[in-house]
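Chemist: take this sequence and fold it.
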Amino acid sequence: MFTLTRLETFSQEIKKSRFAATAGPVASEAAAREFVADHSDRAANHNCWAWRVGQSYRFSDDGEPTGTAGKPMLQAIDGQSLDNVAVVVTRWFGGVLLGTGGLVRAYGGTAAACLRAAEKTALVATVEATVTCGFADLALLQARLAAHPGLRIASEAFTATGAELAVTMPEADAAGIAQTVADLTSGRASVKFAT
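Modeler: Residues are numbered from 1 along each chain as shown. Got it, this is the predicted structure:
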């Protein structure tokens, strides 16, 4: 699965109607709703949208005939193996009716073209953990953890005997990272995974 790295736009004219798509990464359902609100143009005839965040998804035809806009846009997201993505396609009506098939092609095609043009990155499942260590091991652990691709030290809290590091790491590497921490400190440091 992939997500977008940044906002992407695409527009085209189809039989005198202008279609403008805006797509971007979203981290949650609330962020997806906010994205839709932020990228809809109230002066336009229709602001159709679709988003997927994991197993959750929603779409809207915003006044177009049922099934002609939002669903084809969601299919464009799914067809490109994307997740944590929202897309809004805004239409300014040009006076020529497109029919249901034409609307499906216009909305789905505009969304798909926008998503194809977007820069993508692989989605990596992560886990959160707390690394507890003494002061003597802190500098070495900070350096080794920071050098691991995909691992992020979110925060550090100091205790009377050392530090607790809140980290986010790729789920696939979690067991290996925990073993590295134990090996580097001869078992003095511990890794506790969030549940």
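
Chemist: now the chain, which segments are flagged as low pLDDT?
Modeler: Scanning the chain for pLDDT under 70 picks out nothing.

Chemist: all the strands of it, residue numbers only.
Modeler: Per DSSP state E, the chain carries strands over the ranges 2-4, 8-14, 17-25, 46-53, 56-60, 85-92, 120-122, 126-134, 152-158, 162-170, 190-193.

Chemist: got the contact list for the spatially most central residue of the chain?
Modeler: Nearest residue to the geometric centre of the chain (C-alpha atoms, centre = their mean): N84, 3.3 Å. For N84, the contacting residues are 3, 25-27, 52-54, 123, by C-beta atoms under 8 Å, 6 or more residues apart in numbering. For every residue, glycine as well, the C-beta is placed using N, CA and C.

Chemist: chain center to the top helix by length along the chain, what's the gap?
Modeler: Secondary structure of the chain read by DSSP state H shows that its longest helix is helix 99-117. Remark: helix 99-117 is offset 21 Å from the chain centroid, using C-alpha atoms, centre = their mean, to the nearest Å.

Chemist: can you point out the buried residues in it?
Modeler: Neighbour counts over helix 99-117 (16 or more other C-beta atoms under 10 Å) mark 103-115 as buried.

Chemist: contacting residues around it?
Modeler: Applying C-beta under 8 Å, 6+ apart, the contact partners of helix 99-117 are 4, 8-12, 14-15, 17, 19-23, 48, 50, 64-65, 67-70, 72-73, 75-77, 79-80, 82, 85, 87, 89, 91, 98.
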